[in-house]
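>>> Have a look at this prediction, sequence included:
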Amino acid sequence: MIRREASCLISTMAKSHRLLIIAGPRYAGKSVLAKRILPNHTYIDLESPGAMWFARNRPVEFFERCRGDLIIDGFHRAPELFKHIKGAAVKRRVVLITSRKPSQRIPRCAPPPSAPQPPASRRKTATSAATGAANTDIGIVTLLPPSIKELNSNHVSLERDEYIHRGFIPDAYKKKTDPRETQLNYLTALLQQDIAPLVRAENREAFKRFFRLLAERVGLALNLRTFAETVGVPPSVIIRWIRVLEAHFVIFSVPVCPSRFHIRTGAKAIKAPKFYFTDVGLAAYLLKIQTPEQVHRHPAVGNLFENLVVAEALKAACNQGRDVDMSYYRNRDGFEVDLILSKGCSIVPIEIKSSPKFNASFANNIRLFHSFAENIADGYVVYSGAGSDRVKDTKYVNFREVGEIVRG
């Protein structure tokens, strides 16, 4: 059992909100954590065919028969329940678990006072258009796979290439478990239960090709037109497939730095977003990396390491109930800052290097970036070395500490 940082956040929000949604990718540990934190809630799994049939065909009776506070796992599989959730949440507390992102029409509501607060514009009450729960205060917690900090607190400490190969799905850390088997189980469930109903049968092979190519291009600015030509489908299909993967927390995107920060390099900026896998282990699996020893010899090792670091930043924010404003910058002259965190009116530039050796030149782009943009805070180089070095306004940190940059 891996102790999770989000435990206190979920426990507090389950008490302060009559309706709580715990969303995140498959196999992230949502169900196990919810049942452990809320042992007095009745747990119902809609992955069970019988429970799903009953919920879909007799939604009113479903809530009448279920007494007390509820945990409904896989609630997106029974949309017929949505319009009855308001009444159910008035009489009891309801926790909904899903492997799909809640509708964008459901704003993230305020975390408990003990957690850092997102911007006021995001602290809202959910609307009836989203779930039929008019004027019902809905809490949303995003639970991603465990972070390096969480694993360390559970006495699990690995080297860089082991993290990339094994990934972060909790099942991969069970004794005598082959991480490739864990990734295969995850991929099979994802393709058969989540993706297959949304991808036309004649495009299944193209989708698998698209998925592998996405792993090859992880952390790179993705030109959708060129990518679509390589896969052999129209760009509109690629866009739809990307949205499907994002909706199921398989990948996430990092856009270019917003224009409000007035970056003036003299060269035209690239507009394409970069995409990363929520679990870097899945990207390694799709690249047919079979052992940790193969990671450092793989041509994509730098991109996989960047994926690891950016995903850790995202996990750190989600575990605190915060939104994180991440972006990057690259222009047509090849100048790039790998990751930019927006903190209020300032931005924090971060360079990501897979090397374990200190090199002062790693900070060159950050120093140059200070002359191009306004309101830049001290930057960071995240690499595989020991950290604790500094080059002028840039601090060098080990990749295990990237969460502290976000928390700080």
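Cool, got the structure. Residues are numbered from 1 along each chain as shown.
>>> any idea how the chain splits into domains?
7-142, 148-407 (automatic domain parsing).
>>> Bridged to residue 70, which residues?
Going by DSSP bridges, residue 70 is paired in beta bridges with residue 42, residue 94.
>>> Retrieve the pLDDT associated with it.
At residue 70, the model reports a pLDDT of 94.
>>> ok, so what distance separates it from residue 43?
When distance is defined by CB to CB, to the nearest Å, residue 70 is 8 Å away from residue 43. For every residue, glycine as well, the C-beta is placed using N, CA and C.
>>> Which one's more surrounded, the two?
residue 70 (21 against 15; other CB atoms under 10 Å).
>>> And the more buried one, how close does it get to residue 377?
From residue 70 over to residue 377 (counting by CB to CB), the distance is 45 Å.
>>> Nearest residue to the middle of this protein?
residue 278 (4.7 Å; CA atoms, centre = their mean).
>>> Now that one. Its backbone dihedrals?
Note on residue 278: backbone dihedrals following degrees, to the nearest 10 are phi -60, psi -40.
>>> can you pull the contacts of it?
Neighbouring residues of residue 278 by CB atoms under 8 Å, 6 or more residues apart in numbering: 25, 144, 145, 249, 250, 251, 252, 311, 314.
>>> With secondary structure and neighbour count added, can I get these in CSV?
What follows is these, written out as CSV (DSSP: H, G, I helix; E, B strand; the rest coil; neighbours: other CB atoms under 10 Å):
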residue, secondary structure, neighbour count
25, coil, 25
144, coil, 25
145, coil, 25
249, coil, 23
250, coil, 23
251, strand, 23
252, strand, 18
311, helix, 24
314, helix, 20
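>>> for those, which one is nearest residue 48?
Distance ranking of the contacts of residue 278 against residue 48, using CB to CB, places residue 25 first at 20.4 Å.
>>> Hmm, the closest one is touching residue 146, no?
No - using CB atoms under 8 Å, residue 25 is not in contact with residue 146; the gap is 11.9 Å.
>>> So the closest residue in space to residue 294 that isn't next to it in sequence versus residue 181, what's the distance?
Sequence neighbours aside, residue 165 is the residue nearest to residue 294 in space, at 7.6 Å (criterion: CB to CB, 6 or more residues apart in numbering). Taking CB to CB as the measure, residue 165 falls 13 Å from residue 181.
>>> more neighbours, the two?
residue 165 (25 against 11).
>>> who touches residue 366 in this structure?
Per CB under 8 Å, 6+ apart, neighbours of residue 366: 337, 349, 351, 379, 381, 393, 394.
>>> hmm, try it at 6 Å
By CB atoms under 6 Å, 6 or more residues apart in numbering, residue 366 lies in contact with 349, 351, 379, 394.
>>> mind checking pLDDT for residue 370?
86.
>>> got the buried residues for stretch 356-375?
Along stretch 356-375, these residues count as buried under the neighbour rule (16 or more other CB atoms under 10 Å): 358, 362, 363, 365, 366, 369, 370, 372, 373.
>>> C-terminal to the lowest-mean-pLDDT helix or strand in the chain, what's the next element?
Using mean pLDDT, DSSP states H and E, the weakest-scoring helix or strand in the chain turns out to be helix 128-131, at a mean of 32. Later in the chain than helix 128-131, the nearest helix or strand by DSSP states H and E is strand 138-142.
>>> and residue 166, what is it in contact with?
172, 179, 281.
>>> What is the burial count for the spatially closest residue to it that is not a sequence neighbour?
Distance criterion CB to CB, 6+ apart; nearest residue to residue 166, sequence neighbours excluded, is residue 179 at 4.2 Å. The number of residues packed around residue 179, counting by other CB under 10 Å, is 21.
>>> Could I get the domains of the chain in a markdown table, plus columns for distance to residue 1?
Conversion of these to a markdown table gives the following (distance: least, CB to CB, whole Å):
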| stretch | distance to residue 1 |
| --- | --- |
| domain 7-142 | 8 |
| domain 148-407 | 8 |
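>>> what's the least confident stretch among those?
Looking at those, the weakest mean confidence is domain 7-142, a mean of 79.
>>> For it, measure first residue to last.
End-to-end distance of domain 7-142 (CA to CA, to the nearest Å): 12 Å.
>>> ok now that domain, how far from the chain's centre?
How far domain 7-142 lies from its chain's middle: 19 Å, per CA atoms, centre = their mean, to the nearest Å.
>>> And stretch 227-240, by the same measure?
On CA atoms, centre = their mean, the centre of stretch 227-240 falls 23 Å from the chain's centre.
>>> wait, which of the contacts of residue 366 is closest to residue 305?
residue 351 (11.9 Å).
>>> In which helix or strand does that closest one reside?
Residue 351 belongs to strand 346-352, assigned by DSSP H and E.
>>> From the contact counts, what lies against that strand?
Strand 346-352 is packed against strand 336-343, helix 364-369, strand 379-383, with contacts defined by 3 or more CB pairs under 6 Å, 6 or more residues apart in numbering; DSSP states H and E.
>>> Let me have these in CSV, adding distance to residue 289 as columns.
Listed next are the helices and strands packed on strand 346-352 as CSV, based on distance: least, CB to CB, whole Å:
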stretch, distance to residue 289
strand 336-343, 22
helix 364-369, 28
strand 379-383, 21
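>>> These: which one's closest to residue 403?
strand 379-383 (10.8 Å).
>>> in its sheet, what does the helix or strand following that closest one sit against?
Tracing the chain C-terminally past strand 379-383 and defining elements by DSSP H and E, one meets strand 390-391 next. When pairs are called by DSSP bridges, strand 390-391 turns out to pair with strand 394-398 (antiparallel).
>>> Contacts for the strand it pairs with next, please.
So strand 394-398 is contacted by 363, 366, 379, 380, 381, 382, 387, 389 (CB under 6 Å, 6+ apart).
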